[in-house]
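Enquirer: structure, please.
(chains A and B)
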There are 2 protein chains.
Amino acid sequence: MRIAVDAMGGDFGPSIIVEGALSAAKHVGVGLALVGPTAVLDEELRRHPDARSLDIAIVEASDVVGMGETPARALRRKPRSTIRLAAELVARGEAAAFVSAGNTGATVLAAHGELGLLPGVERPAIATTVPTRQAPSVLLDSGANAECRPQHLLQFAAMGALYVRATRGIEHPRVALLSIGEEETKGNELTRDAHRLLKASALNFVGNLEARDVFSGQADVIVCDGFTGNVALKIGEGLVDMIEELLRQELLGTFGTRVGYLLSRRAFRRFRKRVDYSEYGGAPLLGVSGLCIIGHGRSSAKAIRNAVALAARFVEQDLVGRLAHATTPMAG
Amino acid sequence: MRIAVDAMGGDFGPSIIVEGALSAAKHVGVGLALVGPTAVLDEELRRHPDARSLDIAIVEASDVVGMGETPARALRRKPRSTIRLAAELVARGEAAAFVSAGNTGATVLAAHGELGLLPGVERPAIATTVPTRQAPSVLLDSGANAECRPQHLLQFAAMGALYVRATRGIEHPRVALLSIGEEETKGNELTRDAHRLLKASALNFVGNLEARDVFSGQADVIVCDGFTGNVALKIGEGLVDMIEELLRQELLGTFGTRVGYLLSRRAFRRFRKRVDYSEYGGAPLLGVSGLCIIGHGRSSAKAIRNAVALAARFVEQDLVGRLAHATTPMAG
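Expert: Numbers count the residues shown, from 1 in each chain, chains lettered A, B, ... in the order given. From the prediction side, this is the model:
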């Protein structure tokens, strides 16, 4: 099995990406197609002498889509970008999946363009795993579609349910709709219409979920439009960072520098494991006819390693095949 | 000065509301008009013998709008509800402000209906103070309008800027638009159109703000539609609750029950003060022609006390007058 990796994606450059990908190759036992400028990647590989024994190919691509570029324009202007070539490897069957921590919009667009959509799907959606007080939930769409119609949310719900069934073995996942009130009359036009569609579907729809309860574990799948989902997740990230900093200050202030530092470090180390996105590595783009894992822009080497490992696991579980051949129609 | 208090609003019943309101009356030195069923309120007041020396009136209202009721229907069916009568006291000049921790939608509707809107304002907005790494920011709308048009966001921005100027003395508050990317082309149709309006206005518009940076303190005023704002704030609340629980478990696990408990309690006590909504008490509904403070449904007695104190401070600062007579037009 070979996983294509956009070696130039992400905020921290190719060293971090290559380091993480190699770690996955070593520990998970997958082959890699590193997509990027050959000179840069040769240089990076030289720093990892043990990589010689691994199954690693370099796929030349010199154009890089910047994190702040407008996706459609950037892909038009840079037809041989690392993101597009990584997607192309999957489309041609030369890689079983691709991973990019680069420009999310461009990754979605490239995956959509190169791989096409599964039958019954009008929009792909990013399915992000969120920690809860109980088992993790899957939130989608977390950023592929800033604008959604009610039937898109229904499709996200159906894909999310199939995803949870395929990866976690839950036969009838509980599906909830993220809204600003529990009653079906609450919310905006989109959520009210989507509520009606979900209620009429064959899905195990448990109703609206308020944002306050996203971390309660009351639902296995939480659906929303990509604007709302992205805001929700990024509020969470920003808040975790701030809380960590404030609490560290409090612990330092309360117990003195040395003890406080140790206390906060030990407490946070294990805590982080439960809320840190890098533990999950990345999020699959559901609905495209091939496997695409979207990493976080701020991906560390560990996050990339976990993203590649996640891709390998989904290939083994035949996630895309199971989504494509779901016996129930997409609408549930 | 007399503040009207919806004594039946909130999740915890009249005992908590009355306790908090009396505490404000005592410590801030304001008069109260407690709105609710006389029998219930007499009973509550009997439990506070020291209340006899305070300036407290009971305004009879037996109908209560439930937290889960549809606002418009509930207000129609219950014309003499505590929420409406509290708003009416302000409209008639018998109270300088009113506070309700009850059904938010009904409070917005009652305030709008009884007080009317300020010139140039099409929709009132809830302005919530959020903690940041630096000085607090004001986020609006945080839940009054599930559906917004671009000009509403411009009006929210203008009101938010005037609010920050009036209450914190910042002459040209930095205004940001909550979106899913920093570039003006990112976001949905609403934010792209609102971005153009804000850019063309006389406001100190600093551009889009990603949700991850809401807690950075990069902006004094953060505008968004009420659906997004409500999701953002409630995600924050749910996450703080979960983090507190998880970290407590970690500290207990790491240091043993007794020491861990003390550690986490001491660290969280001061930390909570910086992120807890009850410290701020409530959020003003900006844009109505009178002062309305919306409390959190889960308001504790302390939160109610702080909400009443906030109302008194805004009356002294003539917040509504300054919003009404802003020398610059609402559009900035």
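
Enquirer: in chain A, which spans are helices?
Expert: Secondary structure of chain A, counting by DSSP state H: helices at A:14-28, A:38-46, A:71-77, A:82-91, A:104-115, A:150-168, A:189-200, A:226-255, A:257-275, A:277-280, A:301-316, A:319-324.

Enquirer: turn the ones you listed into CSV, including mean neighbour count and mean pLDDT.
Expert: Bear in mind the C-beta positions are built from the backbone N, C-alpha and C, glycine included. Output for the helices of chain A, formatted as CSV (neighbours: other CB atoms under 10 Å in any protein chain shown; pLDDT from 0 to 100):
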stretch, mean neighbour count, mean pLDDT
helix A:14-28, 22, 96
helix A:38-46, 15, 96
helix A:71-77, 16, 94
helix A:82-91, 26, 98
helix A:104-115, 24, 96
helix A:150-168, 23, 96
helix A:189-200, 19, 97
helix A:226-255, 22, 83
helix A:257-275, 16, 63
helix A:277-280, 19, 65
helix A:301-316, 23, 95
helix A:319-324, 18, 94
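
Enquirer: from residue B:13, how far off is residue A:282?
Expert: For residue A:282, the distance to residue B:13 equals 46 Å [CB to CB, to the nearest Å].

Enquirer: my guess is residue A:282 meets residue A:300, correct?
Expert: No: in this structure, residue A:282 is not within contact of residue A:300 by CB atoms under 8 Å, at 11.9 Å.

Enquirer: of the two, who's got more company?
Expert: Neighbours were counted for residue A:282 and for residue A:300 using other CB atoms under 10 Å in any protein chain shown; residue A:282 has more, 27 against 19.

Enquirer: enumerate every residue touching that one.
Expert: Contact analysis of residue A:282 by CB atoms under 8 Å, 6 or more residues apart in numbering or on different chains lists A:99, A:101, A:293, A:294, A:295, A:296, A:299, A:303, A:306, A:307, A:310, A:311.

Enquirer: with residue A:47 instead?
Expert: Residue A:47 makes contacts with residue A:15, as judged by CB under 8 Å, 6+ apart.

Enquirer: what pLDDT is listed against it?
Expert: Here, the pLDDT recorded for residue A:47 equals 95.

Enquirer: also residue A:327?
Expert: Note on residue A:327: pLDDT of 49.

Enquirer: and residue A:181, by the same measure?
Expert: At residue A:181, the predicted lDDT confidence score is 84.

Enquirer: then residue A:119?
Expert: pLDDT, read off for residue A:119, is 93.

Enquirer: and the gap between the nearest residue in space to it that is not next to it in sequence and residue A:290?
Expert: Leaving aside its sequence neighbours, residue A:119 sits nearest to residue A:324 (CB to CB, 6 or more residues apart in numbering or on different chains; 7.0 Å). Using CB to CB, one obtains 10 Å as the distance from residue A:324 to residue A:290.

Enquirer: around chain B, pick out the residues from the stretch 1-150 of chain A.
Expert: With CB under 8 Å from any CB of the partner chain as the criterion, the stretch 1-150 of chain A comes near chain B at residues A:68, A:70, A:105, A:131, A:132, A:133, A:143, A:146, A:147.

Enquirer: if we use 7 Å, what do you get?
Expert: Within the stretch 1-150 of chain A, the positions adjacent to chain B are A:68, A:70, A:133, A:143, A:146, A:147 by CB under 7 Å from any CB of the partner chain.

Enquirer: quick one: contacts for the last one?
Expert: Just to be clear, that refers to residue A:147. Residues in contact with residue A:147 (CB atoms under 7 Å, 6 or more residues apart in numbering or on different chains) are B:188, B:189.

Enquirer: which phi and psi does it have?
Expert: Main-chain dihedrals, residue A:147, degrees, to the nearest 10: phi -120, psi 130.

Enquirer: ok, the fifth one next?
Expert: For residue A:146, the backbone dihedrals are phi -70, psi -20 (criterion: degrees, to the nearest 10).

Enquirer: so it sits right up against residue B:190, yeah?
Expert: No: the pair residue A:146 and residue B:190 does not pass the contact test of CB atoms under 7 Å, sitting 9.5 Å apart.

Enquirer: what's the spacing between the most centrally placed residue in chain A and chain B?
Expert: Nearest residue to the geometric centre of chain A (CA atoms, centre = their mean): residue A:283, 1.6 Å. Per CB to the nearest CB, to the nearest Å, residue A:283 is found 15 Å from chain B.

Enquirer: pretty sure that residue contacts residue A:130?
Expert: No: contact criterion CB under 7 Å: residue A:283 and residue A:130 do not qualify, at 10.0 Å.

Enquirer: against residue B:250, how distant is the residue nearest to residue A:119?
Expert: Separation of residue A:324 from residue B:250 (CB to CB) stands at 42 Å.

Enquirer: contacting residues around the residue nearest to the centre of chain A?
Expert: So residue A:283 contacts A:126, A:127, A:128, A:129, A:142, A:294 (CB under 7 Å, 6+ apart).

Enquirer: mind redoing it with 10 Å?
Expert: Residues near residue A:283 by CB atoms under 10 Å, 6 or more residues apart in numbering or on different chains: A:104, A:125-129, A:138-140, A:142-144, A:233, A:277, A:292-296, A:307, A:310.

Enquirer: how about it: what's its closest non-neighbour residue?
Expert: Distances taken as CB to CB, 6+ apart place residue A:128 nearest to residue A:283, at 4.3 Å, with adjacent residues excluded.

Enquirer: and for that neighbour, the neighbour number?
Expert: Using other CB under 10 Å, residue A:128 is surrounded by 25 other residues.

Enquirer: hmm, it is touching residue A:293, no?
Expert: No: the criterion here is CB atoms under 10 Å, and residue A:128 misses it with residue A:293 at 11.3 Å.

Enquirer: just to revisit the earlier point, ok, which of the helices of chain A comes nearest residue B:219?
Expert: Among the helices of chain A, helix A:226-255 comes nearest to residue B:219, with 12.9 Å by CB to CB.

Enquirer: C-alpha coordinates for stretch A:293-304, PDB please?
Expert: Output of stretch A:293-304 as PDB, limited to C-alpha atoms (Å, rounded to 0.1, in the frame of the first residue of the first chain):
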ATOM      1  CA  ILE A 293      -7.000  13.000   4.500                       C
ATOM      2  CA  ILE A 294      -6.900  16.600   5.400                       C
ATOM      3  CA  GLY A 295      -4.400  17.500   8.000                       C
ATOM      4  CA  HIS A 296      -4.400  20.600  10.100                       C
ATOM      5  CA  GLY A 297      -2.300  23.600   8.800                       C
ATOM      6  CA  ARG A 298      -0.400  23.600  12.100                       C
ATOM      7  CA  SER A 299       0.300  19.800  11.900                       C
ATOM      8  CA  SER A 300       3.300  18.700  13.800                       C
ATOM      9  CA  ALA A 301       5.400  15.700  12.700                       C
ATOM     10  CA  LYS A 302       3.300  13.500  15.000                       C
ATOM     11  CA  ALA A 303       0.100  14.800  13.500                       C
ATOM     12  CA  ILE A 304       1.400  13.900  10.000                       C
END
